[in-house]
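S.K.: what's the 3D shape of this:
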Amino acid sequence: MALGWIIAAAIPALASAGSSTVQQTLAVTKLGTPDQLGYVVSDARAVQRQLAMATGSQFAPARAETTLVTFPQSGRVELVKLTRTQAVRGGPGLELIESSAKIGPFATDSGNSSFFYSYTVDNIALASVRFGLTGFDLVAFDLGRFAFWRSDDGILIRLLDRGQAPSVTAANAAQAPVDLGPPSGATIIPCDPQGALADLKRVLPDLGWRPSARYPMPFQFEDGTTPLIEMTVDASVESPFVVIESPMTGPARYGCTPDRPHAHLLWLTTDVAAAAQQLENAGMAWVSRVPGMVSLHRGEGGIFVEVANAAFLG
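M.R.: So this is what the prediction gives:
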């Protein structure tokens with residue numbers, strides 16, 4: 001039975017069964033901190049090379065597979081070639097995906113990528129029920145492999161079958177002078193941060209959250225502006241951190257659209273200046289910064305990487 005049929009049958013049954021049954025289902029499929037952080041990009045090998053030089057992370061060789069993917073919103077079913085590569089160390093896993101189909105979560109080009117949080121599960125259909133019940137849309141799936149769900153705010157979450165999870169876990173051979181370690185988390189900047197936060201709290205009730213924090217930050221932007229911005233930050237309790245930030249004024253490519261929030265990978269460090277310089281040496285252009293505190297950079301294929309003072313989420 002196709003995954004779509006399983007989900008379609010399970011959601012109405014659970015909805016009519018009452019809140020206790022729904023809570024039991026959520027309890028069986030606990031989802032806390034993400035297992036992987038990933039980007040869908042137009043050229044996985046180019047992004048891999050740059051990320052290695054920028055962060056020190058070693059990646060396994062890219063591998064390609066052809067799989068039958070259903071895109072429910074358009075009704076299309078296509079054979080799609082997916083090229084995947086992962087960092088060799090976990091905690092969390094860092095994955096890049098390149099797709100031959102430019103549709104749904106795979107709609108990328110040379111200047112735009114799609115970020116996703118990812119969870120490894122034993123039963124995709126059962127884990128998917130919570131997403132359907134909390135208003136997420138199923139945007140792509142392959143039976144027994146993965147399912148991508150998207151919120152109204154554009155937050156993308158992948159459920160990955162355990163048999164498809166990255167198996168490359170090894171000691172990292174540093175690819176740069178400063179090895180930043182595995183990513184500390186990822187930040188989403190949606191147009192409606194409170195709505196996005198509410199969506200995440202509903203679909204990920206096992207993810208604990210810190211109290212909201214506000215930081216007045218004297219930003220410097222690549223266009224030469226230097227506004228003082230008060231940022232609102234909501235972050236999960238444990239690493240890898242899930243972070244929601246309020247949108248800010250600045251260059252348009254650092255903004256959001258209602259269905260596509262800005263997103264960036266996050267590395268915490270005790271030496272922001274050295275880490276930022278290494279990102280620039282790898283060819284990543286800085287977008288915004290507060291000297292000594294945070295520095296955001298844009299890389300190949302439209303990915304974003306931020307290095308930030310460890311005190312922010314320490």
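
S.K.: tell me the average confidence for stretch 193-212?
M.R.: For stretch 193-212, mean pLDDT is 94.

S.K.: start and end of it, how far apart?
M.R.: End-to-end span of stretch 193-212 (CA to CA, to the nearest Å): 11 Å.

S.K.: which parts of it are buried?
M.R.: Pro193, Ala196, Leu197, Asp199, Leu200, Arg202, Val203, Leu204, Pro205, Leu207 (16 or more other CB atoms under 10 Å). From N, CA and C alone the C-beta is placed, and that goes for glycine too.

S.K.: could I get the phi/psi values of the first one?
M.R.: The phi and psi torsions at Pro193 (degrees, to the nearest 10) take the values phi -60, psi -40.

S.K.: what's the farthest-apart pair in the buried residues of stretch 193-212?
M.R.: Maximum pairwise distance in these, criterion CB to CB, is 18.9 Å, between Pro193 and Pro205.

S.K.: just send the buried residues of stretch 193-212 back as a markdown table, with secondary structure and distance to Gln175 too.
M.R.: Below are the buried residues of stretch 193-212 laid out as a markdown table (DSSP: H, G, I helix; E, B strand; the rest coil; distance: CB to CB, whole Å):
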| residue | secondary structure | distance to Gln175 |
| --- | --- | --- |
| Pro193 | helix | 34 |
| Ala196 | helix | 33 |
| Leu197 | helix | 35 |
| Asp199 | helix | 36 |
| Leu200 | helix | 32 |
| Arg202 | helix | 39 |
| Val203 | helix | 35 |
| Leu204 | coil | 32 |
| Pro205 | coil | 38 |
| Leu207 | coil | 31 |
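
S.K.: tabulate the residues you listed (CSV), appending distance to Lys30.
M.R.: Formatted as CSV, those follow (distance: CB to CB, whole Å):
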residue, distance to Lys30
Pro193, 25
Ala196, 21
Leu197, 20
Asp199, 18
Leu200, 15
Arg202, 14
Val203, 12
Leu204, 9
Pro205, 9
Leu207, 10
